[in-house]
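Peer 1: Sharing a model prediction with you, sequence too.
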Amino acid sequence: MSAVSAVLSAPLADTPQTLVVFRVGPVWLSASVEAVEGVIPRPGAMAVAPQAVPCVTGFFDHRGETATVVDLRCKLGLAGEGGSHLVMVRGEAGLLAFAVDDLHDVAPAERFQWNAPPAGVPPELFLATLSRDQRLILHTDFFALYRFPGTTSVASWVAHLQRLGRMASAAASEAECALPRSPLRPPSELQSELQSEPQSEPQSEPQSEPQSEPQ
């Protein structure tokens, strides 16, 4: 059993070696990078998907192949539209394009602290909770996201993240106010003062008066 699976109540069947970390709305997610083929900007023109397909927003041609766009905001029960980038993943369903708001990192799995998934989120969708750099990350699987019909149970987790964010911002503001500050002046002001200071002229040595010869 790997060090990652050892801390989980239900060990992962396949422990990922490398993770891709991305954001959807206020939620940070991670998944194995194994099936990822790349990340591209979201194209402007797409074919409209049938309404019968849940959380699939359209199709587009990617290098001569049809890619299916999956709206992760819909999957997570989040309002609004997003997804400026698409994570391209290949699987049994063909080429899938997962719409994400931000791609944060690609890093080895051992760099993260692994914990059991939080209560109240679908256990078949979120396999663990990761933490790194004071950020909480839900670990998932791209193919589980694609098969999942969508949920609103992530709302409590989103509210929890927002509370943590407000607490962290308040703590940072208090710490910043507690630090003594010295008055800072813009470099342009300092430079103009330096240029306006008169240059001191070198002082000439006093000349000694000639001594008179004795009579």
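Peer 2: Yep, that arrived.

Peer 1: mind checking how far A159 is from V21?
Peer 2: In this view, A159 and V21 are 21 Å apart by Cβ to Cβ, to the nearest Å. Where you see a C-beta, it was placed from the backbone N, CA and C, and this is true even at glycine.

Peer 1: Then G44?
Peer 2: Distance of G44 to V21, given as Cβ to Cβ: 26 Å.

Peer 1: Neighbour count: A159 and V21, which is higher?
Peer 2: In this view A159 and V21 are compared by other Cβ atoms under 10 Å, and V21 has more residues nearby, 21 against 11.

Peer 1: bridging residues for that one?
Peer 2: S30, D105 (DSSP bridges).

Peer 1: Was I right to think it contacts D105?
Peer 2: Yes. With contacts counted by Cβ atoms under 8 Å, V21 reaches D105, the gap being 4.5 Å.

Peer 1: The protein: helices as residue ranges?
Peer 2: With DSSP state H, the ranges of helices along the chain come out as 3-6, 72-76, 142-147, 155-178, 187-196.

Peer 1: where among the ones you listed is the average confidence lowest?
Peer 2: Between these, the one with the least mean pLDDT is helix 3-6; it has a mean of 39.

Peer 1: Show the residue spans covered by the strands in this protein.
Peer 2: 18-24, 27-32, 36-41, 47-48, 56-62, 65-71, 85-91, 94-100, 102-108, 113-115, 126-132, 135-140 (DSSP state E).

Peer 1: quick one: which of the ones you listed is nearest M167?
Peer 2: Closest to M167 of those is strand 135-140 (Cβ to Cβ; 12.4 Å).

Peer 1: Provide the strand pairings for that closest one, with the direction of each partner.
Peer 2: Its sheet considered, strand 135-140 pairs with strand 27-32 (parallel), strand 126-132 (antiparallel) by DSSP bridges.
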